[in-house]
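Chemist: Sequence and predicted structure, then a few things I'm wondering about:
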Amino acid sequence: MTEKDVLKIFKSEKALLTGHFLLSSGLHSSNYMQCALVLQKPWVAEKLCKALAKKVKGKVDVVIGPSLGGVIVSYEMGRALKVRSIFAERVDGMMSLRRGFSIGKNEKALVVEDVVTTGKSSREVSELVKQQGAKLVGVACIVDRNEGNSGFDVPLYSLLKMDIKTYEPALCPICREGKIPAIKPGSRL
Ligand SMILES: [Zn+2]
């Protein structure tokens, strides 16, 4: 599956949005990839994750994603790699393992997410993996919005690299135009 194929899927599922978006990082943007719209079709999610799993090098014992964005990707990656799939949740702001999930010492863990923007969630889950004494073998995502510049110290695998411009609110040209209010894409869209 080429980047073109992936982009085609996002376009046909109307998951590549244009407008004025307030990202969870606090930055503004004129584009947003709403991965949930692509992943709502399990057969599409399966196909994408199968292609992503093929890129991952080396042995993986368990995949783990941050909830909510990483849950479906984690599940489908687990299916593709035929390994356990778990997810991490925030408890009092800290990424944690709940529901009896655990990662064994020396297990090889792959952190997965739908879209890596700042990489904050993936980095926090990576720290959690290390705290368990497991070995972090990489991070995998459907869309890498940083074009490989997220600064992970392990390989970052992705199906599509997108350079989507983000702006500090004070410097946002769409704000300056003042025509459309910024909306949080996670909630209303
Ligand atoms: Zn703005």
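Modeler: Right, received. Where do you want to start?
Chemist: what distance separates stretch 77-87 from the centre of its chain?
Modeler: In terms of CA atoms, centre = their mean, to the nearest Å, the centre of stretch 77-87 is set 15 Å apart from its chain centre.
Chemist: could I get that stretch in CSV with only the CA atoms?
Modeler: Provided in CSV are the C-alpha atoms of stretch 77-87 (Å, rounded to 0.1, in the frame of the first residue of the first chain):
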residue,chain,number,x,y,z
MET,A,77,-2.3,-4.4,14.8
GLY,A,78,-2.5,-7.2,17.3
ARG,A,79,-4.6,-9.1,14.9
ALA,A,80,-2.2,-8.5,12.0
LEU,A,81,0.9,-9.3,14.0
LYS,A,82,-0.9,-12.2,15.9
VAL,A,83,0.2,-10.8,19.3
ARG,A,84,-1.6,-9.4,22.4
SER,A,85,-3.2,-6.0,22.1
ILE,A,86,-3.7,-3.8,25.1
PHE,A,87,-4.3,-0.1,25.8
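Chemist: Quick check: residues of the chain near the ion?
Modeler: Residues of the chain lying close to the ion (CB under 5 Å from the ion) are 28, 172, 174-175, 182. C-beta coordinates here come from the backbone N, C-alpha and C atoms, glycine included.
Chemist: would you turn those residues into a markdown table with neighbour count?
Modeler: As requested, the residues of the chain next to the ion are exported to a markdown table (neighbours: other CB atoms under 10 Å):
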| residue | neighbour count |
| --- | --- |
| H28 | 21 |
| C172 | 18 |
| I174 | 17 |
| C175 | 17 |
| A182 | 16 |
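Chemist: Narrow those to those in strands?
Modeler: Judged by DSSP state E, the residues of the chain next to the ion include H28 as members of strands.
Chemist: where along the protein do the strands fall?
Modeler: Taking DSSP E as the criterion, the chain carries its strands at 16-22, 28-33, 62-66, 84-91, 94-96, 108-116, 135-144, 156-161, 166-167.
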